[in-house]
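Enquirer: Here is my input, please return the structure:
(one chain, ligands or ions: 3)
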Amino acid sequence: INILAIESSCDETSAAVCSSGAILSNRIATQAVHAAHGGVVPELASRAHMQNIVPVVDVALKESGMQLGDMDAIAFTQAPGLIGSLLVGGQFAKSLSLALNKPLIAVNHMQAHVLANLIPEHKPSFPFLCLTVSGGHTQIVKCTAPTKLEIIGETIDDAAGEAFDKAAKMLGLPYPGGPLVDRYAKEGNPNRFQFPEPRIPGYNFSFSGLKTAILYFLRNAGTAQVYKEEFAATEAERKRFIDENLQDICASVQQRIISILLNKLGRAAKDLGIKDLCIAGGVSANSGLRKAFREMGEQQGWNTFIPDFQYCTDNAGMIAITGYYKYLERDFADLSIPSMARGF
Ligand code: ATP
Ligand code: MG
Ligand code: FE
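Expert: Ligands and ions are numbered 1, 2, ... in the order given. Okay, here's the model as predicted:
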């Protein structure tokens, strides 16, 4: 079964080819235009997808050694994401499906992040838990079969990736700041500054309190009186404080985000007696999270799985593998299926 997959939910245009569950190619064009704006600009994203999609599909096909005519189905990201971005990939996929007279497979982006863990040979066994941490979502998903997923916990406000990006922005780092926080954190002391861990019931998460804590902490340039308006530092003091302590701040913030995430995942694993654990999504590229996740598994006797870097952030490889499992169930979509900004 050969599947061509297209991902265009946010700011990466990606195409992949998979042959019976093996990814033959996975090309990703990242849109550079957004960095100057401090975040993704939807209109610019749609336009860049339109410019990128033909060459990206072309290169992915060439690299796979196959031709369009060899494809058995076309899979695409149907939801969730930026509607304008989704529409570009969706229309392209529908046109191919129509032209080739091959089935269309509508893939949910969040399910695909989870199923990125089924790409390698060494796969988790069912049921497994997946902590999906990305730019727009933070979820603990119970997966009983490739196409049977249940969200058992999620964020009630910001996503983990947003927490990274907003912390980075407050530190004056360019968008997307997550990878930069990761890099500086490697040289910092994670125990230097203490940020609060929220108490949220069940397996849900919250990151807005951490965001506020960082804001006040920086506003007071790290003085002990972190929540007091009257200790506000001047702009110059704050800048100097950040300059001198960037590594330690990044390491401390990152450590807190990681402990919030892994404490909940660990509790869910214990409660449900599930021993196979995965992480997925852009934040699963974070080196501190990967390390802490592995260590937790070793300590508790759990099997841990992490996708290859290229399958953590947005990519069509994960859409292709999900498309493959949906193909096995003959779960095809009608050409009239709408792209949707929301929805699991
Ligand atoms: P969603 O999947 O929820 O729709 P998205 O597709 O924008 O959102 P991804 O592309 O999966 O999200 O992940 C992007 C996020 O991952 C960004 O917030 C980015 O900062 C974060 N990220 C990427 N690499 C790292 C890293 N090494 N450390 C921390 N965060 C990272
Ligand atoms: Mg992205
Ligand atoms: Fe994503």
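Enquirer: Enumerate the residues of the protein near ligand 3.
Expert: Contact residues (C-beta under 5 Å from the ion) of the chain with ligand 3: 134, 314. To be clear about C-beta, it is placed using only N, CA and C from the backbone, and glycine gets the same treatment.
Enquirer: Give me every residue in the chain lying close to ligand 1.
Expert: With C-beta under 6 Å from any ligand atom as the criterion, the chain meets ligand 1 at residues 9-10, 81, 109, 113, 134-137, 161, 164-165, 176, 178-179, 182, 281-283, 285-286, 313-314.
Enquirer: Buried members of those into PyMOL, please.
Expert: Entered in PyMOL, the line below selects the buried ones among those, by 16 or more other C-beta atoms under 10 Å:
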select buried, resi 9+10+81+109+113+134+135+136+137+161+164+165+176+178+179+182+281+282+283+285+286+313+314
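Enquirer: need the helices for the stretch 1-150 of the chain, in chain order.
Expert: 42-64, 83-100, 109-115 (DSSP state H, counting those that start in this stretch).
Enquirer: out of these, deepest packed?
Expert: With neighbours defined as mean count of other C-beta atoms under 10 Å, the helices of the stretch 1-150 of the chain peak in mean count at helix 109-115, which reaches a mean of 27.
Enquirer: Buried residues of the helix or strand of the chain with the lowest mean pLDDT, list them for me.
Expert: Ranking every helix and strand in the chain by mean pLDDT, DSSP states H and E puts helix 208-219 at the bottom, with a mean of 93. Of all the residues in helix 208-219, those buried under the rule 16+ other C-beta under 10 Å are 209-211, 213-214, 217-219.
Enquirer: Setting the sequence-adjacent residues aside, check what's closest to the residue in the stretch 101-250 of the chain positioned nearest to ligand 2.
Expert: The minimum distance from the stretch 101-250 of the chain to ligand 2, using C-beta to the ion, falls at residue 135 (5.9 Å). Leaving aside its chain neighbours, residue 135 sits nearest to residue 161 (3.9 Å; criterion: C-beta to C-beta, 6 or more residues apart in numbering).
Enquirer: Give me the pLDDT value at the residue in the stretch 51-200 of the chain that ligand 3 sits nearest to.
Expert: Closest to ligand 3 within the stretch 51-200 of the chain is residue 134: 4.4 Å, counting by C-beta to the ion. You'll see residue 134 listed with a pLDDT of 96.
Enquirer: dump the residue contacts of it.
Expert: By C-beta atoms under 8 Å, 6 or more residues apart in numbering, the contact list for residue 134 reads 110, 113, 159-161, 280-283.
Enquirer: Now with 6 Å, please.
Expert: Residues counted as contacts of residue 134 (C-beta atoms under 6 Å, 6 or more residues apart in numbering) are 161, 281-282.
Enquirer: Can you convert those residues into CSV and add a column each for distance to residue 91 and pLDDT?
Expert: Listed next are the contacts of residue 134 as CSV, based on distance: C-beta to C-beta, whole Å; pLDDT from 0 to 100:
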residue, distance to residue 91, pLDDT
161, 27, 97
281, 26, 97
282, 25, 95
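Enquirer: Would you mark the buried spots in the longest helix along the chain?
Expert: Longest among the helix segments of the chain by residue count, using DSSP state H, is helix 235-272. Neighbour counts over helix 235-272 (16+ other C-beta under 10 Å) mark 238, 241-242, 245-258, 260-262, 264-266, 268-269 as buried.
Enquirer: picking up where we left off before, quick check, distance from the least confident helix or strand of the chain to the centre of its chain.
Expert: Offset of helix 208-219 from its chain centre (C-alpha atoms, centre = their mean, to the nearest Å): 23 Å.
Enquirer: What helices and strands are in contact with that helix?
Expert: On a contact count with 3 or more C-beta pairs under 6 Å, 6 or more residues apart in numbering; DSSP states H and E, helix 208-219 meets helix 160-170.
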